[in-house]
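# attaching a predicted model along with its sequence, questions to come.
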Amino acid sequence: MLELRTITDDEFVPWCRAEARAHGNRLDGDPEVLRPHFDLDRSIAVFDQGNIVGGAHSHRLEMSIPGASSVIAGVANIAVQPTHRRQGVMTSMMRHQINDIHERGEPMAALFATESIIYGRFGYGIGSLHEQWKIERQHNGYARPFESPGRVFFVDPLDITKELPEVFRRSTVDRPGVFQRAMHRWERDSRAPEHNQGGRGGLFYAAYQDDGSVDGYVTYRISGTTLTVNELMAATSEANTSLWRFCFDTDLVSSTEAVKRPVDDPLPWLLADPRRLQRSTRDGLWLRLIDVAGALKLRRYTHHDRLVLAVRDDMCPWNEGRFELEGSPEGAVCRASNLSPDLVIGVSNLASAYMGAVGFSTLSQAGLVDECTPGALLRADRMFAVQHKPWTPHNF
C-alpha cells in the first residue's frame, strides 16, 4: 500500500537523494544548502514500505502576467523512481498537488517540463516559448552602421549582485512569464566554484554602461571557437545592440550561439542577412490555471470587451463551466455565468492564450477552440493580445 504525505525534517536528505536518482543522477553537493529555501509543508513524497518512490515540491513565487503580476506555485522536483513507473504514482502526486495549491488560494501553477508530453493531461499548457540560435562570424554583420555610445566592461563574479539584478528587472518589466531571480540565487551564482578554476570554458560577465548607467549585461562561455550566450539582458536598445556586437566581434571566435532567447527578440531584425541566423523554438514555461476565474481577474486586457468562456477541466470541477469575463487595460471582473458561451476551450489551451503564447484563432485552426458566436475569436485575440511575447529566461 503506497502512502502519500509531506516529508519530515529528517526525511529531507533521503527525499533529495531519491529525486536525484529518479533522474539518473547521484546526489551531488550538500543538500543542506537547499534546506533554507525548501518548505517542508509544500513537499510531497510517496512511500512504499518506508522507501521514497516518488516526490514533488512547489515554491510560492511571483510571476509577471500580462499587465500585472501574480503569486503562483512554482512546481519542481517531480520524480518517480524507475522501479515504480507506470503505476499511477505521478498521477496521484499531481492530483494531490493541484488540490493543495487550490486550497492555498494560489490561482496558478507553473513548471518546466523535462518531458513535454507529460503535463498536458494534468491541465498544463505552454505558457512561454524561447529560441536557440547559432550564427557564423562571416554572417553576423548588422544591416546598418552602428557605433556604440557607451562602453562594455567585465564584471567580477563577486560583484554581480550589485547592479545586475536591477538591470534584469528593468529588462523584463513588461514581459509576461518572468520570475525575478531571488537574491540568494544571485549570491550563489557569484560564489560558484567554477569562478576559481582555471582553464577554458569558464563563465564571463560583461556589462554595458552609458552616461554612468549600467543598462545591460551578458553572460557567456567560449568552447573551442564558439561563444555561447547564456543570458543577455538589455534595458535599452543601445545596450542590446552593443552587447551583441561585443559578442560577435570577440577574437578567436568563429560562431556565436545563444540559448533561451525570446521569440520576438529584435536581434534578427538587426542583421543584414537574418536568414543566416539558425533558429529553433521550444517550450519554456508550462502554466496551469488552478482557479480560472481568479486568474482571469488578475491580468490586464489590451481591448475592453466582454466574453463568455465555456471551460473544460477534467481535474478541477470548480473550473468546469461558463465564465463571463469583462476585461480592459484597467482591470477585469470574472464570474460564473449561465449565458450562452462565445467560445469553448480546454483549460490547458486557455493557459497558453492567457499568457499570450498563442492566439485563440490559431488554437481554433488546430481544432482546440470552438467559436459559438461569430466574430468571438477575433475579439478574444484583440482582448488577450500582448505587447511582448511571454518569455521565461531562467528556471526558478
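Yep, that arrived.
# list the contacts of A380.
L307, D342, L343, A353, G359, F360 (C-beta atoms under 8 Å, 6 or more residues apart in numbering). All C-beta atoms are positioned from the backbone trio N, CA, C, and that covers glycine.
# in what helix or strand does it lie?
helix 376-383 (DSSP states H and E).
# pull out the buried positions in that helix.
By 16 or more other C-beta atoms under 10 Å, the buried positions in helix 376-383 come out as A376, L377, R379, A380, D381, M383.
# from those, pick the one nearest T161.
M383 (40.0 Å; C-beta to C-beta).
# list the residues that contact that closest one.
M383 sits next to Y301, T302, H303, D305, L307, G327 when contact means C-beta under 8 Å, 6+ apart.
# the longest strand along the chain pairs with which strands?
Secondary structure assigned by DSSP state E gives strand 51-65 as the longest strand of the chain. Applying DSSP bridges to the sheet, strand 51-65 is found paired with strand 44-48 (antiparallel), strand 68-80 (antiparallel).
# run through who's touching the shortest one.
Residues external to strand 44-48 that are found in contact with it (C-beta under 8 Å, 6+ apart): 2-7, 11, 15, 52-57, 80, 84, 89, 92-93, 96-97.
# surely L270 is in contact with L243?
No: with contact defined as C-beta atoms under 8 Å, L270 does not reach L243; the gap is 11.6 Å.
# those two: which is more packed in?
Neighbour count, other C-beta atoms under 10 Å: between L270 and L243, L243 has more, with 25 against 19.
# name the helix or strand for the more buried one, please.
Assigned by DSSP H and E, L243 belongs to helix 237-248.
# that helix: which residues count as buried?
E238, A239, N240, T241, S242, L243, W244, R245, F246, C247, F248.
# got a list of what N230 touches?
N230 neighbours (C-beta under 8 Å, 6+ apart): L203, T219, Y220, R221, V259.
# out of the buried residues of helix 376-383, which is nearest to R181?
M383 (31.2 Å).
# next one: that closest one from S361, what distance?
Distance from M383 to S361, counting by C-beta to C-beta, to the nearest Å: 12 Å.
# mind listing the helices for the stretch 251-396 of the chain?
For the stretch 251-396 of the chain, the helices defined by DSSP state H, counting those that start in this stretch occupy 267-270, 292-298, 347-355, 360-365, 376-383.
# which of these sits closest to D30?
So among these, helix 347-355 is nearest, using C-beta to C-beta, at 36.1 Å.
# now that closest one: mean pLDDT?
Per-residue pLDDT over helix 347-355 has a mean of 98.
# what does stretch 228-245 give?
98.
# and what of stretch 321-332?
In the prediction, stretch 321-332 has an average pLDDT of 98.
# centre of the chain to that stretch, how far?
24 Å (C-alpha atoms, centre = their mean, to the nearest Å).
# just give me the longest helix of the protein.
helix 89-103 (DSSP state H).
# which helices and strands sit right next to that one?
Here helix 89-103 touches strand 3-5, strand 44-48, strand 51-65, strand 68-80, strand 108-112, going by 3 or more C-beta pairs under 8 Å, 6 or more residues apart in numbering; DSSP states H and E.
# how about the third one: buried residues?
When burial is assessed from 16+ other C-beta under 10 Å, strand 51-65 yields the following buried residues: I52, V53, G54, G55, A56, H57, S58, H59, L61, M63, S64, I65.
# who's in contact with the fifth one?
Each residue near A56 by C-beta under 8 Å, 6+ apart is listed here: S43, I44, V75, A76, N77, I78, A79, M93, M94, Q97.
# now the last one: how far from G375?
It stands for Q97. 39 Å.
# just want to know which of the two has more residues nearby.
Remark: of Q97 and G375, Q97 carries more neighbours, 22 against 9, as counted by other C-beta under 10 Å.
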